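Participant: mind folding the following:
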Amino acid sequence: MKSLKDINWNQLYAFYEVAKAQSLKQAANNLNVASSTLSEQLKRLEDSFQTQLFLRSSKGLTLTVEGTKLFERATAIFDEGNKLLEHYSNDTIGGYAVSIGIEETISSSLATEFASQYWDLYTQYGSVNTLKQVSHESLVDNLMLKNIDWGISVRKPKRKSIDYAEIGSFEIVFCCSSELYDKFKDKKDILINIPFVESSWDKSLNKLIYKYLRSQSVVPKEKICSDHIGFVENLCRRGRCVMFLPFNPLESYEGLKTFHLDKPIKVSLYAIWKKSEESLISIKLLKQLIESTISHVPFRYEDVDFQIEVSEVSDDKLR
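Facilitator: Alright, predicted model coming up:
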């Protein structure tokens, strides 16, 4: 086999369906062909690649190491093929995995909750992956390179080829030990005189915090940085520093006093996607979720049986 034209794509697709279903019989039903026909296509594909793709036993078929590698490559090929069909068709095709890029920020709970709700909407069409993005710029680059399907960022994209919508926001508050807070007449003096902790990885958030402080005529005398929230919270409770964190009204913040100056700092989160991909079911459902989030429509988030239904688990495997 010397070139792509030598590949029998029907055989490769047959392999993909069997490997995905992990069952020759189930794949044959999905493709509406006889199991014997499918088995013959697999054997011919193995002959073409001159490698064994499945281990055959009385218990069924199991992928070999080479079979697993081929399945990963075939999945990427047919995922893109399904997107191509959906792009040039009025039909909902699905059948491909979606990757969500989530920008690292101080509050990930809002982003992960939104992504979890997206899973509920999309999982009948395919699976959902999340990938950590170290910055807004890398998130946008990966979106343009199609390494991710859509993303969540704390910044609005500037490229005209990318659309966005706000999906929520959170407040940033400052905090220090309760004892330290009670010793100062003015909250500004806490931020000026006590070592101020900044994030060593979230540069965008640091800029937002310092812009806010300058607007309040506050310049910390000493700054420290750390990637370890537990370390910083321990220092904070001992009165050694003042830090910032996302405010959660349901949290008690034991041993800490939270505060802001004349107004809290609001950070918005945005879903971003390529305009050219809006014909895909993955982006249609994203926009549907955004509209539902704005109108506060509840989801069937607690439906335990939902995943069993979409995974088509047979009754003989259930209690």
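Participant: do a quick rundown of the helices in the stretch 201-319 of the chain.
Facilitator: For the stretch 201-319 of the chain, the helices defined by DSSP state H, counting those that start in this stretch cover 203-215, 229-237, 281-294, 306-310.
Participant: among the ones you listed, which is the most enclosed?
Facilitator: Counting by mean count of other CB atoms under 10 Å, helix 281-294 has the highest mean neighbour count of the helices of the stretch 201-319 of the chain, with a mean of 18. (Each C-beta comes from the backbone N, C-alpha and C, glycine too.)
Participant: ok, the residue in the chain sticking out farthest from the centre to residue 312 distance?
Facilitator: In the chain, the greatest distance from the average C-alpha position (CA atoms, centre = their mean) is reached by residue 185, at 44.1 Å. Distance, residue 185 to residue 312, using CB to CB, to the nearest Å: 66 Å.
Participant: in this structure residue 306 contacts residue 120, no?
Facilitator: Yes. Residue 306 is within contact range of residue 120, at 7.0 Å (criterion: CB atoms under 8 Å).
Participant: and the closest residue to residue 35 other than its chain neighbours, what element?
Facilitator: Computed as CB to CB, 6 or more residues apart in numbering, the closest residue to residue 35 that is not its neighbour in sequence is residue 28, at 4.4 Å. Using DSSP states H and E, residue 28 maps to helix 24-31.
Participant: what does that helix rub up against?
Facilitator: For helix 24-31, contacts defined as CB atoms under 8 Å, 6 or more residues apart in numbering pick out 14, 17, 18, 20, 21, 34, 35, 37, 38, 39, 60, 61.
Participant: restricted to helices, list these.
Facilitator: Assignment to helices by DSSP state H places the following of these there: 14, 17, 18, 20, 21, 35, 37, 38, 39.
Participant: and the second one, how many residues sit next to it?
Facilitator: Neighbours of residue 17 under the rule other CB atoms under 10 Å: 21.
Participant: ditto for the fourth one
Facilitator: Counted with other CB under 10 Å, the burial measure for residue 20 works out to 16 neighbours.
Participant: so who does it touch?
Facilitator: Contact analysis of residue 20 by CB under 8 Å, 6+ apart lists 27, 71, 75.
Participant: just the buried ones from the residues you listed?
Facilitator: Buried members of the contacts of residue 20, counted by 16 or more other CB atoms under 10 Å: 27, 71.
Participant: where do the strands sit along the stretch 1-150 of the chain?
Facilitator: In the stretch 1-150 of the chain, the segments counted as strands under DSSP state E, counting those that start in this stretch are 54-57, 60-63, 98-103, 128-133, 150-153.
Participant: for burial, what's the neighbour tally of residue 241?
Facilitator: 23.
Participant: can I assume it is in contact with residue 196?
Facilitator: Yes. Shown here, residue 241 and residue 196 form a contact pair, counting by CB under 8 Å, at 7.0 Å.
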